[in-house]
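>>> Quick one: sequence and predicted model below, then my questions.
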Amino acid sequence: MDQPTPEEISAELEQLAEEQITDLDADANDRARRGRQRRTRVATIYAQGRLVTARDHYHAALIMLYGEELAHWELSRSLARRAVALGDTRAWSIIAASWDRALLARGEPQRFGTQFVRENGRWTVGRVDPRVTDAERAFYGVPPLWVQRQSAEQLQRREDAG
């Protein structure tokens, strides 16, 4: 069987990334299973050295961002950094989100406040490194911390409303 062309790999990664976003509204068990399949495929493409373009790296980073383990978020951040280096500035926000997820997994405060967590049964941004400024957040394409906190409060209000 012939290897897919770089263009076919790029199209596949874009499709997998679109499916990842669409899947966020799916049943949790189905979403988890399909997410694992997508991450396995991305890991295979990555291991084969088939990620070529900035867009390839961006789409692969986006898929890995929705992983379940520290290694997924670390790979997501690495892929996003490569995407930025190759010219895809959309990946800055993935760098921030994957960095925050990895920090939370280690029990450390987030840098950017991109992740909502439950504390005492309520949604919040949780602990955030106070040394990180809103200017740094803006550089990474992340809203100011007060906006993130408002978003967490809105999520809680929607949940409270049932």
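Received the coordinates, thanks.
>>> any idea which helix is longest in the protein?
When every helix of the chain is counted residue by residue (DSSP state H), the longest turns out to be helix 28-47.
>>> what about that helix, distance to the chain center?
Relative to the mean C-alpha coordinate of its chain, helix 28-47 is positioned 14 Å out (CA atoms, centre = their mean, to the nearest Å).
>>> Point me to the helix or strand that includes T89.
Following DSSP states H and E, one finds T89 outside all helices and strands.
>>> so who does it touch?
Residues in contact with T89 (CB atoms under 8 Å, 6 or more residues apart in numbering) are G141. In this view, the C-beta of every residue, glycine as well, is placed from N, C-alpha and C.
>>> phi, psi of it?
Backbone geometry at T89, expressed as degrees, to the nearest 10, gives phi -70, psi -10.
>>> how near is it to R137?
15 Å (CB to CB, to the nearest Å).
>>> And the strands in this structure?
Using DSSP state E, the strands found in the chain span residues 117-119, 122-124.
>>> Excluding chain neighbours, give the residue nearest to the spatially most central residue of the chain in space.
Of all residues in the chain, the one closest to the mean position by CA atoms, centre = their mean is L65, 3.0 Å from it. The spatially closest residue to L65, leaving aside those adjacent along the chain, is S76, at 4.4 Å (CB to CB, 6 or more residues apart in numbering).
>>> ok, so what distance separates the one you found from R122?
Per CB to CB, S76 is found 27 Å from R122.
>>> before we move on, what about R101?
Computed with CB to CB, the distance linking R101 and R122 is 20 Å.
>>> for Y46, same thing?
Distance, Y46 to R122, by CB to CB: 38 Å.
>>> The two - which one has more neighbours?
Y46 (17 against 13; other CB atoms under 10 Å).
>>> Grab the nearest non-local neighbour of that one.
For Y46, ignoring the flanking residues on the chain, the nearest one in space by CB to CB, 6+ apart is A60 at 6.4 Å.
>>> show me what contacts the one you found?
Neighbour list for A60: 13, 42, 45-46, 51, 79 [criterion: CB under 8 Å, 6+ apart].
>>> Apply 6 Å and report the result again.
For A60, the residues meeting the contact criterion (CB atoms under 6 Å, 6 or more residues apart in numbering) are 13, 42, 51, 79.
>>> so how many other residues sit close to the third one?
Here the count is done by other CB under 10 Å, and L51 has 25 residues near it.
>>> where's the residue nearest to Y46 relative to Y140, distance?
As for A60, its distance to Y140 is 19 Å (criterion: CB to CB).
>>> Where does the prediction get shaky in this protein?
Along the chain, the parts satisfying pLDDT under 70 run over 1.
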